[in-house]
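Visitor: below are the sequence and a predicted model; questions follow.
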Amino acid sequence: MRSPKDFFAPLAVGAPDPVREIPVRPSRMIHFFDPGNEKMTAKLPDLASKADVLLGNLEDAVRADRKVAARQGLVALAKNTDFGAAQLWTRINSLDSPWALDDLITLVTEVGDRLDVIMVPKVDGAQDIHYVDRLLAQLEARAGLRRPLLVHAILETASGVANVEEIAGASPRMQGISLGPADLAASRRMKTTRVGGGHPGYLVRSDPAGDDLHAGRTTYQQDLWHYTVARMVDACAANGILPYYGPFGDIRDVVACEDQFRNAFLLGCVGAWTLHPVQIEIARKVFSPSPEDVAWARRVIREMGDGTGAVMIDGKMQDDASVKQCKVVAELADALAARDPELAKAYDAVKETS
Ligand SMILES: CC(=O)SCCNC(=O)CCNC(=O)[C@H](O)C(C)(C)COP(=O)(O)OP(=O)(O)OC[C@H]1O[C@@H](n2cnc3c(N)ncnc32)[C@H](O)[C@@H]1OP(=O)(O)O
Ligand SMILES: O=CC(=O)O
Ligand SMILES: [Mg+2]
């Protein structure tokens with residue numbers, strides 16, 4: 001562990017100063033694309049106006065014989081594409097792979113000034129972040145970068161979950177953490193075969209009404225990811241970084257995708273990955289508070305005055321704790337509206353619930 005006094009010191013001579021606070025920019029959807037796939041990259045100019053984050057993926061889902069093409073494709077795109085207000089992130093290959101070192105060296109050296117965040121897969125513990133942290137500092141110094149690259153960890157190994165608090169606080173570069181349910185399921189030896197989402201076999205059943213154990217018993221499917229998402233959210237909030245739900249692989253099932261995203265939103269996540277353009281609008285809808293919730297939050301804040309004491313609004317008690325929740329919603333709405341004019345209009349259109 002670095003001394004608290006040294007925590008914000010650059011890790012290489014000439015590297016930029018680490019940030020003290022993670023910049024708050026909308027990141028409701030981290031949209032994955034393969035930078036070596038021309039059909040996908042042709043859609044980027046359009047997707048840049050729809051997605052908060054575009055992520056050039058170099059890891060899983062890119063064939064081994066296309067890794068170098070994907071890396072080179074990302075360099076070319078970063079140099080030649082106007083991404084507008086969308087952030088450009090990348091997911092490098094895992095640190096034990098033959099590609100990770102060249103991913104970092106090439107990307108930081110050639111387009112480090114165009115990238116915002118580097119997503120690191122299969123992070124097992126703080127040691128993985130420390131390795132990336134020092135290497136990035138050396139590469140940034142050599143490339144003469146003035147702004148430090150931020151790091152995002154994927155929580156997708158059993159060790160990573162066991163060490164999530166240390167990972168979240170391992171470096172001032174830590175921007176956030178995403179749940180990676182597919183690799184995590186494999187690492188935990190769960191008996192699922194899906195990329196995120198629920199499973200019909202993971203359920204609870206109501207008690208039997210009589211002797212017939214089969215009659216009239218309702219079952220309720222449970223959320224496989226509740227424990228991990230909640231733990232990740234706490235680790236992130238405690239360290240001032242941002243939590244995200246990861247992939248939902250059943251592209252056709254837009255209904256369950258929305259449910260999974262909403263569970264994550266309600267538990268504290270700020271966004272999710274989108275694997276296909278159809279998921280972008282789902283994430284936008286879910287990770288933007290509804291106009292009704294924003295109107296209610298603004299009303300509670302207004303009626304609570306200095307934010308202390310207790311008042312009754314529409315039969316519900318409000319006090320310091322509920323006004324704090326309302327501030328989370330109202331501040332998120334303001335931040336999103338600044339980037340999303342349609343949303344700003346929707347928030348303005350709904351009058352505060354009187
Ligand atoms: C567990 C994990 O690690 S998850 C993260 C890694 N996985 C990924 O990144 C997957 C990214 N997504 C994909 O590879 C694709 O969306 C797939 C394979 C799931 C589906 O692709 P397709 O079968 O081509 O889907 P579909 O036919 O509906 O695509 C429609 C169009 O959208 C394009 N498209 C599909 N996905 C994307 C995307 N993520 N970004 C941009 N364009 C896309 C297709 O190229 C196609 O273009 P076309 O109309 O010019 O032919
Ligand atoms: O990388 C994501 C995952 O779910 O695995
Ligand atoms: Mg994975």
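Guide: Looks like it came in fine. Ligands and ions are numbered 1, 2, ... in the order given.
Visitor: just give me the longest helix of this structure.
Guide: With DSSP state H applied, the helix covering the greatest number of residues in the chain is identified as helix 320-339.
Visitor: I'd like the next helix or strand past that one.
Guide: Sequence-wise, the next helix or strand beyond helix 320-339 is helix 341-349, with elements assigned using DSSP states H and E.
Visitor: re the thing from before, what helices and strands are in contact with the longest helix of the chain?
Guide: Using 3 or more Cβ pairs under 8 Å, 6 or more residues apart in numbering; DSSP states H and E as the contact criterion, the neighbours of helix 320-339 among helices and strands are helix 291-303, helix 341-349. (Glycine included, C-beta is placed from N, CA and C.)
Visitor: and those helices: which comes nearest L95?
Guide: Distances from L95 to each of the helices and strands packed on helix 320-339 were compared using Cβ to Cβ; the minimum, 37.8 Å, belongs to helix 341-349.
Visitor: pull the distance from the longest helix of the chain to the chain's centre.
Guide: Shown here is helix 320-339, whose average C-alpha point lies 18 Å from the average C-alpha point of the whole chain (Cα atoms, centre = their mean, to the nearest Å).
Visitor: pLDDT of it, averaged?
Guide: If you average the pLDDT over helix 320-339, you get 96.
Visitor: redo the helices and strands packed on helix 320-339 as TSV? Include distance to L115 and mean neighbour count.
Guide: Written out in TSV, the entries for the helices and strands packed on helix 320-339 read as follows (distance: least, Cβ to Cβ, whole Å; neighbours: other Cβ atoms under 10 Å):
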stretch	distance to L115	mean neighbour count
helix 291-303	32	19
helix 341-349	26	13
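Visitor: the ones you listed: which one's closest to Y244?
Guide: Of the helices and strands packed on helix 320-339, nearest to Y244 by Cβ to Cβ is helix 341-349, at 19.3 Å.
Visitor: contacting residues around that closest one?
Guide: Defining contact as Cβ atoms under 8 Å, 6 or more residues apart in numbering, one finds that helix 341-349 is touched by 288, 291, 294-295, 333, 336-338.
Visitor: circling back: rank the helices and strands packed on helix 320-339 by pLDDT, which is bottom?
Guide: Per-segment mean pLDDT for the helices and strands packed on helix 320-339 reaches its minimum on helix 341-349, at a mean of 93.
Visitor: in the stretch 151-300 of the chain, what residue is nearest ligand 3?
Guide: The stretch 151-300 of the chain approaches ligand 3 most closely through D183 (3.5 Å), counting by Cβ to the ion.
Visitor: circling back to that earlier point, for the helices and strands packed on helix 320-339, which one sits closest to A137?
Guide: Closest of the helices and strands packed on helix 320-339 to A137 is helix 341-349, at 37.2 Å (criterion: Cβ to Cβ).
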